[in-house]
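What would the 3D arrangement of this be:
(2 chains)
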Amino acid sequence: AQTVTQSQPEMSVQEAETVTLSCTYDTSENNYYLFWYKQPPSRQMILVIRQEAYKQQNATENRFSVNFQKAAKSFSLKISDSQLGDTAMYFCAFMKQDTDKLIFGTGTRLQVFP
Amino acid sequence: GAVVSQHPSRVICKSGTSVKIECRSLDFQATTMFWYRQFPKKSLMLMATSNEGSKATYEQGVEKDKFLINHASLTLSTLTVTSAHPEDSSFYICSARPDTDTQYFGPGTRLTVL
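The predicted structure follows:
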């Protein structure tokens, strides 16, 4: 069975600084997808970034980028130039290819300070 | 694009009554929708996968007679919590998947059973 581990329950960063959230996963599959979702205080889950396991190039979306290390089964999220609106719970998620089931980590609460 | 709505956003009901929650994909068709439950400060737990025109697939430990799911059209799935009890109080979130491997989430419904 697949598992997703987020070892940092809480993180904080000052506005405009860079922060990295860690995520590791365990799977015997070769084809899968990885996601980072953000859940702000409104509780709305928002897709931040996704990565296909077959792609070696790390995904980027504006200030958000990932460091995908397939051999190490690591999928960290880097937020550059942090903004107050980045304050949220961040969930890492895994999905095996050809299935619909998302497996979530326990989340990291990120607080951005002015 | 890829907007998912939920209604109601908040509901309070008496113990023993049934509550229906709607999940709609607003700008795409979704043959598959998903229902999650989230306890305070916890991750999302998949309850069931809702398939248009067929029976839902429930995760282990989820009572299908308790949580009735109907996916009557390509844009609407409903979750009915039958004979609700206080322990059913939770935050329920739906998601839908267009023709991609990414799930888009609704804003959630907070259910409080008195």
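
count of residues packed around the residue lying closest to B:Thr57 once chain neighbours are set aside?
Nearest non-adjacent residue to B:Thr57, counting by Cβ to Cβ, 6 or more residues apart in numbering or on different chains: B:Thr49, 4.5 Å away. C-betas here are computed from N, CA, C, even on glycine. Using other Cβ atoms under 10 Å in any protein chain shown, B:Thr49 is surrounded by 20 other residues.

how about the residues of chain B that lie near chain A?
Of all the residues in chain B, those in contact range of chain A (Cβ under 8 Å from any Cβ of the partner chain) are B:32, B:34, B:38, B:42-44, B:46, B:49, B:91, B:93, B:95, B:97, B:101-105, B:107-108.

Out of these, which end up buried?
B:32, B:34, B:38, B:43-44, B:46, B:49, B:91, B:93, B:95, B:97, B:101, B:103-105, B:107-108 (16 or more other Cβ atoms under 10 Å in any protein chain shown).

among these, which are in strands?
If you go by DSSP state E, these have B:32, B:34, B:38, B:44, B:46, B:49, B:91, B:93, B:95, B:97, B:104-105 in strands.

Determine which residue belonging to chain A approaches chain B most closely.
Closest to chain B within chain A is A:Met45: 3.6 Å, counting by Cβ to the nearest Cβ.

Am I right that A:Gly85 sits in a helix?
Yes - under DSSP: H, G, I helix; E, B strand; the rest coil, A:Gly85 sits within a helix.

Give me the pLDDT for it.
As predicted, A:Gly85 sits at a pLDDT of 96.

contacting residues for it?
The neighbours of A:Gly85, taking Cβ atoms under 8 Å, 6 or more residues apart in numbering or on different chains as the test, are A:40, A:112.

same question, A:Leu110
Residues in contact with A:Leu110, defined by Cβ under 8 Å, 6+ apart, are A:10-13, A:19, A:21, A:79, A:86-90.

Beta-bridge partners for the residue lying closest to the residue of chain A closest to chain B once chain neighbours are set aside, please?
Among residues not flanking A:Met45 along the chain, B:Phe105 sits closest, at 3.6 Å (Cβ to Cβ, 6+ apart). Under the criterion DSSP bridges, B:Phe105 forms beta bridges with B:Ser95.

How many residues are close by residue 51?
Since you didn't name a chain, this refers to chain A. 19.

let's do chain B instead
B:Asn51 is flanked by 16 other residues according to other Cβ under 10 Å.

Run through the residues that contact it.
If you count contacts by Cβ under 8 Å, 6+ apart, then B:Asn51 has B:31-32, B:57, B:71 around it.
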